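1. Build the 3D model from these lines:
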Amino acid sequence: MTQNRINNPESDNPEVWITGLGLISSLGEGSSIHWARLSDGTTKPLVDETSLAPYGTHPLCELDFSKQIKRKGDLRQMGPWQRIGVYAAGLALDDAGLSHNQELLDRTGLIVAAGNGERDETADKTVLSTLTNGHRDDEAFGDVLNKTLQTSLRPTLYLAELSNLLAGNISIVHGVTGSSRTYKGEEMAGLSAIEDAVARISSSQGDLFLVGGAFNAQRADLTLAFELCKALWHGPNKSVWERAGNGADGGESGSSGFVMGSLGAFLVLESDTHAKARKRKPYAKITGIASARSSHLCTERGAHRDVSQALDKLVSELRQEPLGILSGASGVEPARAHELAWLLQLKKHGITPAIRAYGTMLGHALEAHFPAGVALAALAISNKGFYPPFDKSGREQPLDAPPSNILVTAWGHWRGEGAALVETAASQ
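-> Numbers count the residues shown, from 1 in each chain. Below is the predicted model of the structure:
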């Protein structure tokens, strides 16, 4: 478990500024379109309820990937997941004024949250159809399996889908050649990636980082994997807070699950001194971050009490109303109930949280989910506003005045939790 409160006025630690945003989702391309659509109060979630029925997905908007991935050879060898990530990374670099500045790109650290690459679904279907046709124990299945392994699983395809190749392709396409790290581990990967950059900047171990992740929801293999662990929502789309019991404590009974969303989210994080030297204004700053890696399915060791203490410490110095909450809740129980219970007890700190579960609008994007939440927080801070309620469950109440503090949470659907505090930067 880690807890990092930075930017103490009495210390010399650099501030962590957010100076570039790259967002693509079902709602569109770019930060401005996301702010416009999420803040207008009328935008409805865009959900495909037929392609992978009974599971809905938030499909990616229409994109011309060649705008960010110029060489056809590069584009051809990437699966959709990598294209999404490379595209969003390019948008963040453009937004921060780093694109084509090789001197700065050579010093830009790259921290990526990544899952597994796409599988060859045709090969998988061949094997599974043989199994379901009753050939599991005879020679026919062995023949089909051996032939599939020999002819379909090309080593070049396998290598191109390794998790760290997302970072590799960002480096190749956009020329980001500083240090590189890749985190895996679903929601916690996105949290750890940003936590790493924040820690390195605040301790003066680096001053410029490109951080984020990508997720492709239109994958039958992931649908199967998450269905096997009973993590997916079935049937017509509902908001995050409407997918389970509605008791005062959040409720742990009833159906639950997440709706996957295709999403690319990258941020440029840099020290305030570095940004000032190149005359870049921030969207916002990250002033604190906390995380832990307990399992929501194993509460007997009191892990959640420890997590709550770390998160309580993160917000304990806040007394300023209002506090915006961008909740990364997935809709899976009991994780959803654990998070909601913690959010509601913030009142003991004198804080009445204005909660918004952005997964209702964008879908749940695993590794990319937390970076997207931080990006949305930075947009709200920079626009001196906040998002209207994303549903009518009663969990999300209107906010009269724009917040100068926004807490972004990341409670994994089965493991890990944490939060980051995003605030107005002094130069704003």
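2. rest of the way, CA atoms for contacts and neighbours
-> Noted.
3. Low-confidence stretches in the stretch 51-200 of the chain?
-> Low-confidence segments of the stretch 51-200 of the chain (pLDDT under 70): 119-120, 127-128, 130-141, 149, 152-161.
4. Quick one: the strands in it, in order.
-> 57-58, 109-113, 180-183 (DSSP state E, counting those that start in this stretch).
5. can you check the stretch 201-350 of the chain too?
-> So, for the stretch 201-350 of the chain - with DSSP E, counting those that start in this stretch - the strands run 208-215, 260-261, 263-271, 284-295, 323-327.
6. Name the stretch among the strands of the stretch 51-200 of the chain that sits most buried.
-> The highest average neighbour count among the strands of the stretch 51-200 of the chain, using mean count of other Cα atoms under 10 Å, belongs to strand 57-58 at a mean of 29.
7. Run through the neighbouring helices and strands of that strand.
-> Judged by 3 or more Cα pairs under 8 Å, 6 or more residues apart in numbering; DSSP states H and E, strand 57-58 is in contact with strand 260-261.
8. just to revisit the earlier point, redo the strands of the stretch 201-350 of the chain as a markdown table? Include distance to residue 40.
-> Formatted as a markdown table, these follow (distance: least, Cα to Cα, whole Å):
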| stretch | distance to residue 40 |
| --- | --- |
| strand 208-215 | 26 |
| strand 260-261 | 21 |
| strand 263-271 | 21 |
| strand 284-295 | 21 |
| strand 323-327 | 17 |
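9. quick one on the thing from earlier: residue 265 is nearest to which of the strands of the stretch 51-200 of the chain?
-> strand 109-113 (10.0 Å; Cα to Cα).
10. Sheet partners, orientation included, of the closest one?
-> Applying DSSP bridges to the sheet, strand 109-113 is found paired with strand 180-183 (parallel), strand 208-215 (parallel).
11. quick one: which of these is nearest residue 82?
-> Once the strands paired with strand 109-113 are compared by Cα to Cα, strand 208-215 is nearest, at 7.3 Å.
12. Any chance you could list what contacts that closest one?
-> Residues outside strand 208-215 that contact it (Cα atoms under 8 Å, 6 or more residues apart in numbering): 81-82, 84-85, 89, 92-93, 107-115, 190, 193-194, 197, 201, 261-271, 274, 365-368, 371.
13. of those residues, buried ones?
-> 81-82, 84-85, 89, 92-93, 107-115, 190, 193-194, 197, 201, 261-271, 365-368, 371 (16 or more other Cα atoms under 10 Å).
14. wait, residue 57 sits on residue 26?
-> No. Taking contacts as Cα atoms under 8 Å, residue 57 lies outside contact range of residue 26: 9.5 Å.
15. so what's in contact with the two at the same time?
-> With Cα under 8 Å, 6+ apart as the test, residue 57 and residue 26 both reach 261, 262.
16. give me the number of residues near residue 37?
-> The tally of other residues near residue 37 (other Cα atoms under 10 Å) stands at 16.
17. Sorry, slip of the keys, the one I care about is residue 229.
-> Neighbourhood size, residue 229 [other Cα under 10 Å]: 9.
18. Phi, psi for it please.
-> Per-residue torsions, residue 229: phi -100, psi 10 (degrees, to the nearest 10).
19. and what of residue 377?
-> Residue 377 adopts backbone torsions of phi -60, psi -40, taken as degrees, to the nearest 10.
20. I'd guessed it sits against residue 404; true?
-> No. Residue 377 is not in contact with residue 404 according to Cα under 8 Å; the separation is 10.0 Å.
21. Which of the two has more residues huddled nearby?
-> Between residue 377 and residue 404, counted using other Cα under 10 Å, residue 377 has the larger neighbour count: 29 against 21.
22. related to what we said a few turns ago, nearest to residue 147 among the strands paired with strand 109-113 would be which one?
-> strand 208-215 (30.9 Å).
23. how big is the angle separating that closest one from strand 263-271?
-> Relative orientation of strand 208-215 versus strand 263-271 (axes from the mean of the first three to the mean of the last three Cα atoms, to 10 degrees): 170 degrees.
24. So for the helix or strand residue 369 falls within, mean pLDDT?
-> Residue 369 belongs to helix 369-382 when assigned by DSSP states H and E. Regarding helix 369-382, the rounded mean pLDDT is 98.
25. Please identify the nearest residue in space to residue 44, excluding sequence neighbours.
-> Nearest non-adjacent residue to residue 44, counting by Cα to Cα, 6 or more residues apart in numbering: residue 361, 7.2 Å away.
26. how far out from the middle of the chain is the helix or strand encompassing that neighbour?
-> In the assignment (DSSP H and E), residue 361 maps to helix 359-362. Distance, stretch centre to chain centre, for helix 359-362: 11 Å (Cα atoms, centre = their mean, to the nearest Å).
27. What lies in contact with that helix?
-> Under Cα under 8 Å, 6+ apart, the answer for helix 359-362 is 25-27, 38, 44-46, 58, 238-240, 261-263, 328-330, 390-391.
28. rerun that using 6 Å as the cut-off
-> Around helix 359-362, the neighbours that count as contacts under Cα atoms under 6 Å, 6 or more residues apart in numbering are 45, 239, 240, 261.
29. Just the closest of those to residue 179, please.
-> Nearest member of the contacts of helix 359-362 to residue 179, counting by Cα to Cα, is residue 261, at 29.3 Å.
30. picking that back up, how far does the helix holding residue 369 sit from the chain's center?
-> The answer for helix 369-382 is 10 Å, by Cα atoms, centre = their mean.
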